[in-house]
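Asks: pasting the sequence and the predicted model now:
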Amino acid sequence: MSIPQSGGGPVESFEQLAEYLSSGCKTKADWRIGTEHEKFGYCKDTLKPLPYDGERSIKAVMEGLQQRFGWTPVLEAGNLIGLEKDGANVSLEPGGQLELSGAPLENIHQTCDEVNVHLREVRSVSDDIGVKFIGLGAAPIWSHEQMPVMPKGRYKLMTDYMDRVGTHGKQMMYRTCTVQVNLDFGSESDMVKKLRVALALQPVATALFANSPFFDGKVNGHKSWRSRVWRDLDSARTGMLPFVFEDGMGFERYVDYALDVPMYFVYRDGKYVDALGQSFRDFLQGRLPALPGETPTLSDWADHLTTAFPEARIKQYMEMRGADGGPWRRLCALPAFWVGLMYDGSALDAAWDLVKGLDAETREGLRVAASEDGLQGEAGGVKLRDLAARAVEISHAGLAARAMPGAGGLVPDETHFLNALSETLESGKTPADELLERYHGDWNGDLSRIYGEYSY
């Protein structure tokens, strides 16, 4: 989750909020790729989650990264809660999940290099202290009571609020991991088209990257339990955003949506002020109960935008949010999939043609089907495996058209990063299907074996 924003003058009009979003528009030459991925850390001998502090802890890993690889510390109330270097940052999710938020890069070759360097650095530090990391969409065995709590004020407020608005919020916070990619848009119309494609095809990403069939130590009946969790978290801030597909969609319409998302907090003087359930519209009028008489700054608006959790969202860029955390190869495949669809004009047109006939009921049905059945899911007569096959084909064409070479020119483009997805489509088996086969096969129901065989 996001680090608090800073700077930004006072907000004096609704138009400023839309202008903040539109200021993210960039020329195509300046479009970049930012990949984020989360992973669970655990003690190698006990298989228990890492505490925040101690000899074997999340803090010890971050201190090792700082000392050994030159990362700069980020502190909150004196606690180490993140790291920064070269436009990237490492941060903590509520249950200690370690997240890399990558720098904005030009191509997938660079993105994958960044991921590889990060995982090698983490392994170098963690091996020395008896710690391992694993990429899954949900913690397979650990209970909520076993999870540590990271010392971040934002998370304390959110934890207290989650049970008031849904049934799965604390599961999301403490026991799930994702991989996502952040992409740019060139104009308002480009943003609208990309956001529509992103939302309509997010169930495809959920299905292709499904990797959380276990929870609380047993099979949970879903290929992506992480996706299931999001469906009952908080209906006011999650979902498929049907309004995006209506006439009149643009930056101002998204602002209207975001203003109606209940607030979590306001960040002041290094502390989180409790504004749970309050209205940003009231804040604009100086009527926020948490800060009577105060009006927001643009940094308050930027913070508030991070508290809306739809399947795809916009800030000054666009975030694809539908995929489970997973194996090393798929950390590169996810950005490749979306870049191929979004960053070539012909591919984007083809992707929109693929999904523009889907109605809201079918889009939501595919979201549910992807969570439950992965690539075997279907809704409204649409089979996810067929939709995914066509989407990957379009993405492949888009990456080929970009013709971004790597390895000093030895690799002509970025298409090979989709190989993991092509193999999944050919076999029909997602990572979740493979895990279930192992669990019911040679693991003989011993779920603890997942750590030894699937850690980074």
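Replies: Alright, I've got the coordinates.

Asks: can you list the residue ranges for helices in the stretch 101-250 of the chain?
Replies: Counting by DSSP state H, counting those that start in this stretch, residue ranges of the helices within the stretch 101-250 of the chain are 108-128, 153-165, 169-175, 188-208, 225-231.

Asks: mind checking those for the one nearest to residue 276?
Replies: Between residue 276 and the helices of the stretch 101-250 of the chain, the shortest separation by CB to CB is 4.8 Å, and it involves helix 153-165. Any C-beta I mention is one placed from the backbone N, CA and C, and that applies to glycine too.

Asks: buried set for that closest one?
Replies: Buried residues in helix 153-165, counted by 16 or more other CB atoms under 10 Å: 153-158, 161-162, 165.

Asks: now swap in stretch 64-84 and tell me
Replies: For stretch 64-84, the neighbour count (16+ other CB under 10 Å) marks 64-66, 69, 71, 74, 76, 79-83 as buried.

Asks: just give me the least confident of the residues you listed.
Replies: Within the buried residues of stretch 64-84, residue 76 has the lowest pLDDT, namely 94.

Asks: who's in contact with that residue?
Replies: Contacts for residue 76 (CB atoms under 8 Å, 6 or more residues apart in numbering) come out as 151-153, 270.

Asks: close enough to count as contact, residue 331 and residue 38?
Replies: No: Residue 331 lies out of contact with residue 38 (CB atoms under 8 Å); the separation is 10.3 Å.

Asks: of the two, which one has the most company?
Replies: Neighbour count, other CB atoms under 10 Å: between residue 331 and residue 38, residue 331 has more, with 29 against 25.

Asks: A strand includes that one, no?
Replies: No: under DSSP: H, G, I helix; E, B strand; the rest coil, residue 331 sits outside any strand and is assigned helix.

Asks: so what's it scoring on pLDDT?
Replies: Looking at residue 331, its pLDDT reads 96.

Asks: same question for residue 7.
Replies: For residue 7, the predicted pLDDT is 58.

Asks: how about residue 160?
Replies: Residue 160 carries a pLDDT value of 88.

Asks: for the nearest residue to it once chain neighbours are set aside, grab the count of nearby residues.
Replies: Nearest residue to residue 160, sequence neighbours excluded (CB to CB, 6 or more residues apart in numbering): residue 276, at 7.2 Å. For residue 276, the count of nearby residues is 15 (other CB under 10 Å).

Asks: re the thing from before, which among the contacts of residue 76 end up buried?
Replies: Buried members of these, counted by 16+ other CB under 10 Å: 151-153.

Asks: helix, strand or coil for the residue nearest to residue 160?
Replies: Applying three-state DSSP: residue 276 is coil.

Asks: wait, residue 355 touches residue 202, no?
Replies: No: at 10.3 Å, residue 355 does not count as touching residue 202 under the criterion of CB under 8 Å.

Asks: which elements pack onto the helix or strand containing residue 400?
Replies: Using DSSP states H and E, residue 400 sits within helix 384-402. Helix 384-402 is packed against helix 188-208, helix 328-342, helix 345-355, helix 360-373, helix 419-427, with contacts defined by 3 or more CB pairs under 8 Å, 6 or more residues apart in numbering; DSSP states H and E.

Asks: what's the angle from the third one to helix 188-208?
Replies: In terms of direction (axes from the mean of the first three to the mean of the last three CA atoms, to 10 degrees), helix 345-355 departs from helix 188-208 by 60 degrees.

Asks: could you list the buried residues of helix 345-355?
Replies: With the criterion 16+ other CB under 10 Å, helix 345-355 contains buried residues 347-348, 350-352, 354-355.

Asks: same thing with the longest one?
Replies: Along helix 188-208, these residues count as buried under the neighbour rule (16+ other CB under 10 Å): 188, 190-208.

Asks: and the angle from it to helix 328-342?
Replies: Angle, helix 188-208 to helix 328-342, by the same axes, to 10 degrees: 150 degrees.

Asks: repeat for the last one
Replies: With the same axes, to 10 degrees applied, the angle from helix 419-427 to helix 328-342 works out at 90 degrees.

Asks: just the CA atoms of helix 419-427, as CSV, please.
Replies: Taking Å, rounded to 0.1, in the frame of the first residue of the first chain, the C-alpha atoms of helix 419-427 are listed here in CSV:
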residue,chain,number,x,y,z
ASN,A,419,5.8,-17.6,-22.5
ALA,A,420,4.5,-18.6,-19.1
LEU,A,421,1.0,-17.5,-20.0
SER,A,422,1.1,-19.3,-23.4
GLU,A,423,2.1,-22.5,-21.5
THR,A,424,-0.8,-22.0,-19.1
LEU,A,425,-3.2,-21.6,-22.0
GLU,A,426,-1.9,-24.7,-23.7
SER,A,427,-2.2,-26.9,-20.6
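
Asks: phi first, then psi, for residue 455.
Replies: For residue 455, the backbone dihedrals are phi -80, psi 160 (criterion: degrees, to the nearest 10).

Asks: ignore what I typed, I meant residue 295.
Replies: Backbone torsions for residue 295, taken as degrees, to the nearest 10, come to phi -120, psi 160.

Asks: so the residue nearest to it when sequence neighbours are not counted versus residue 320, what's the distance?
Replies: Using CB to CB, 6+ apart and skipping residues adjacent in sequence, the residue nearest residue 295 is residue 286, 5.1 Å away. From residue 286 across to residue 320, the span is 36 Å (CB to CB, to the nearest Å).

Asks: look at the two and report which has more neighbours.
Replies: A side-by-side neighbour count of residue 286 and residue 320, using other CB under 10 Å, places residue 320 first with 27 against 12.
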